[in-house]
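Asks: sequence plus predicted model, see below.
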Amino acid sequence: MQASSTETVRRSGPGASPAFAISAIGVVLVALTTRQAVSGVPPILADLGLAPTVASVLVAIPVLCFSLGALAGPALRARFGEERALFLMMAALLTGLVLRAVWPSWALFPGTILAGLSIAVINVLLPSLVKRRFPNRIGPMMAAYTMAMAIGASVASGLTALVLREADGAIGVALGVWAIPTAIALVAWLPQLRLHGESGSSASGRTIHVWRQPLAWHVLFYMGMQSLLFYGPLSWLPAIYRDRGVDPAEAGLLLMVFNGFGIVGNFAAPMIASRLPDQRPAVATAIVMYTVGLLGVLLAPTSTALLWAIVLGIAQGANLSLALLVIVLRSSDGDVAAALSGMAQSGGYLIASTGPLVMGLLYTATGGWTVPLLFLLAVAGLIWIPGMMAARSRVITR
């Protein structure tokens, strides 16, 4: 049995255990790369030479892949263990990014699909790994994990257009630069292969039927709706303000602010919510903030765009952290967390994939952004139901 290193991580304090530090750094570096393949595309979407409908499909592909790929997460966890499965998925992600960089003309869609499927499995495995390795520090680790995701997304969304400009319009360079942090994370994950613990198969041998649990469905719909409310603006916020006359570089920086201020929500929400009797106050606050931000984008003048990007950023960061946190807190152990994570993210991202596509189609049909933004506001109203139910203090068992 090779679980001794994992037990060291569980029992030791963060300053006392090298295994803790290695694991925590590895999780953060992997999380850093899980949005760059997606958030680097919208700022240069208009430069790709795609028809509006094709562009809508391109920005919807990663989220759809997150849904399909998530179904494979629990099976890969059971077959290889979390550490080895994560290493394989990081290698596949790097391959997809390199393909887009070297052959952007024909590999843009295949590379995006491979990257999206890889990230999907990573999304499923990281929460269960946190549940298993850091059971006494779930709040801080989820904060660090989601903050890293937000930082990676913010950097990619803010710098991709600048890289394209400095590279004299070379699409391959602008897309391929994000292979560098992925390669670094892949190398940094190598020590994890010596720290692996139990595989994902249930120690008791009992099948985990999360799909039969009403609470699991509430978690799924909360995950899906909050993801839709993230990927819709992530895909189209620069286009909304470019159409209103904002400079393309400034519109790209608004997306950087949107992602960057997500760090505030990423940090505060799980740290506070994990200490509450249940998470309903935190979820309610995040939903209200998101609604206010959407109303600002819809109704306020472009001179206030920075304010609404900040409000939306904090809200989306909080909602993402809370959705991932409830997956962990509603699970009785790591096996249940992996099963619930796979269910919530496969179904949730299937819901989320409709966001960028529906917004693009509504824009094409109406010639403006009012109806697409009203669509997002409708989702922000409906999310109250699963959000409040998923935030209640209950636990899914085997």
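Replies: Right, received. Where do you want to start?
Asks: contacts only, for Ala143.
Replies: Asn266, Phe267, Ala268, Ala269, Pro270, Met271, Ser321 (C-beta atoms under 8 Å, 6 or more residues apart in numbering). Heads up, the C-betas are built off the backbone N, CA and C, glycines and all.
Asks: could you point out which residue ranges in the stretch 51-200 of the chain have low pLDDT?
Replies: 195-200 (pLDDT under 70).
Asks: could you show me where the helices are in it, in order?
Replies: 52-70, 73-80, 82-102, 104-133, 138-166, 171-176, 179-189 (DSSP state H, counting those that start in this stretch).
Asks: show me the helices in the stretch 201-350 of the chain, by range?
Replies: 214-243, 248-260, 262-273, 280-299, 305-329, 334-352.
Asks: let me have those helices in CSV, extended by mean neighbour count, distance to Leu86 and mean pLDDT.
Replies: Shown next, in CSV, are the helices of the stretch 201-350 of the chain (neighbours: other C-beta atoms under 10 Å; distance: least, C-beta to C-beta, whole Å; pLDDT from 0 to 100):
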stretch, mean neighbour count, distance to Leu86, mean pLDDT
helix 214-243, 24, 20, 91
helix 248-260, 23, 23, 82
helix 262-273, 24, 20, 88
helix 280-299, 20, 28, 96
helix 305-329, 26, 16, 93
helix 334-352, 26, 12, 86
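Asks: so which of the ones you listed gets nearest Val163?
Replies: helix 248-260 (10.8 Å; C-beta to C-beta).
Asks: tilt between that closest one and helix 280-299?
Replies: Per axes from the mean of the first three to the mean of the last three C-alpha atoms, to 10 degrees, the angle that helix 248-260 makes with helix 280-299 is 170 degrees.
Asks: of all the helices of the stretch 201-350 of the chain, which one comes closest to Glu83?
Replies: Nearest of the helices of the stretch 201-350 of the chain (C-beta to C-beta): helix 334-352, 12.9 Å.
Asks: and stretch 333-343, C-alpha only, in CSV?
Replies: Presented in CSV, the C-alpha positions along stretch 333-343 are these (Å, rounded to 0.1, in the frame of the first residue of the first chain):
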residue,chain,number,x,y,z
ASP,A,333,-15.7,11.0,1.5
GLY,A,334,-13.3,11.2,-1.5
ASP,A,335,-15.1,8.6,-3.5
VAL,A,336,-18.4,10.3,-3.2
ALA,A,337,-16.7,13.6,-4.0
ALA,A,338,-15.3,12.2,-7.2
ALA,A,339,-18.7,10.7,-8.3
LEU,A,340,-20.5,14.0,-7.4
SER,A,341,-17.8,16.1,-9.1
GLY,A,342,-18.2,14.0,-12.3
MET,A,343,-22.0,14.2,-12.3
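Asks: tell me who's in contact with Lys302.
Replies: One thing to correct before we go on: residue 302 is Thr, not Lys. Thr302 neighbours (C-beta under 8 Å, 6+ apart): Tyr241, Arg244, Gly245, Val246.
Asks: which two in those are spaced the farthest apart?
Replies: So, the contacts of Thr302 by C-beta to C-beta: farthest apart are Tyr241 and Gly245, at 8.1 Å.
Asks: of the helices of the stretch 51-200 of the chain, which is nearest Ile327?
Replies: Closest of those to Ile327 is helix 104-133, at 5.2 Å (criterion: C-beta to C-beta).
Asks: quick one: that closest one to helix 334-352, angle?
Replies: 150 degrees.
Asks: in stretch 389-398, what's buried?
Replies: Met389, Ala390, Ala391, Ile396 (16 or more other C-beta atoms under 10 Å).
Asks: now stretch 59-76
Replies: Here stretch 59-76 shows 59-74, 76 as buried, counting by 16+ other C-beta under 10 Å.
Asks: same check, this time on stretch 101-121
Replies: 101, 104, 107-108, 111-121.
Asks: quick revisit: make CSV out of the contacts of Ala143 and add distance to Leu32.
Replies: Below are the contacts of Ala143 laid out as CSV (distance: C-beta to C-beta, whole Å):
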residue, distance to Leu32
Asn266, 12
Phe267, 15
Ala268, 19
Ala269, 19
Pro270, 17
Met271, 19
Ser321, 15
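Asks: from those, pick the one nearest Ser331.
Replies: For the contacts of Ala143, the nearest to Ser331 is Pro270 (14.9 Å; C-beta to C-beta).
Asks: looking at it, that closest one is touching Ser321, isn't it?
Replies: Yes: applying C-beta atoms under 8 Å as the test, Pro270 and Ser321 come out as touching, 4.7 Å apart.
Asks: what do these two both touch?
Replies: Contacts common to Pro270 and Ser321, judged by C-beta under 8 Å, 6+ apart, are Met142, Ala143, Thr146.
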